[in-house]
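Trainee: have a look at this prediction, sequence included:
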Amino acid sequence: MAERDDLVTMSMPVGSFALALRHCREGSRLSQSRLAAEAGFDHSYVSRLESATRTPTREAVLRLAEALRLDDPARDRMLVAAGFMPLRVANLLGEEPIVGEVLSLLQDVAVPDDVRDDLRTAITLAVRQAQRAAPALEHSAAAHSSIAAD
């Protein structure tokens, strides 16, 4: 299942649902007809989804994910690929576990408001610092590449 789930990557752009569906279906070794039957759809519907001539509803994506037996993170990446919000945003943060932890803390009502406010302030400062460093990093990378070319 991990190989199939890796095909629905976090970096997949929104609107790439057709490709994601095809890769997951093929990874599951299901025909379009079999997937359609397991999800309760007509074969032509799955065919049109994979050819991007039809746009799925949120419910359709959830039914297809269930029929494909996708785990929760893969299901949520499939929802995003179709242009929908995931069921759990934290599922999209698998490659950035600290971001998931921060999100959990910010949403945890057991964490006092003043602590959550301090965390938001610290994150804001860290983001601003990274944004200030970004132009310097781009300049540094360009300088290194021109030196390497010489």
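Mentor: Thanks, I have the structure now.
Trainee: and what about residue 83, helix, strand or coil?
Mentor: Following DSSP: H, G, I helix; E, B strand; the rest coil, the label given to residue 83 is coil.
Trainee: pretty sure it is touching residue 17, no?
Mentor: Yes. Residue 83 is within contact range of residue 17, at 7.4 Å (criterion: Cβ atoms under 8 Å). Backbone N, C-alpha and C define where each C-beta goes, glycine included.
Trainee: which one's more surrounded, those two?
Mentor: When neighbours are counted by other Cβ atoms under 10 Å, residue 17 comes out ahead of the other of residue 83 and residue 17, with 25 against 14.
Trainee: leaving out sequence neighbours, find the closest residue to that one.
Mentor: Of all residues not flanking residue 17 in the chain, residue 82 sits nearest, at 4.1 Å (Cβ to Cβ, 6 or more residues apart in numbering).
Trainee: pull the contacting residues for that neighbour.
Mentor: When contacts are counted by Cβ atoms under 8 Å, 6 or more residues apart in numbering, residue 82 touches 14, 17, 55-56, 58, 61.
Trainee: what residues sit buried inside whatever helix or strand residue 100 lives in?
Mentor: Applying DSSP states H and E as the criterion places residue 100 in helix 97-107. The neighbour-count check on helix 97-107 (16 or more other Cβ atoms under 10 Å) flags 100, 102-103 as buried.
Trainee: again with stretch 121-131
Mentor: Residues of stretch 121-131 include none that count as buried (16+ other Cβ under 10 Å).
Trainee: good, wrapping up.
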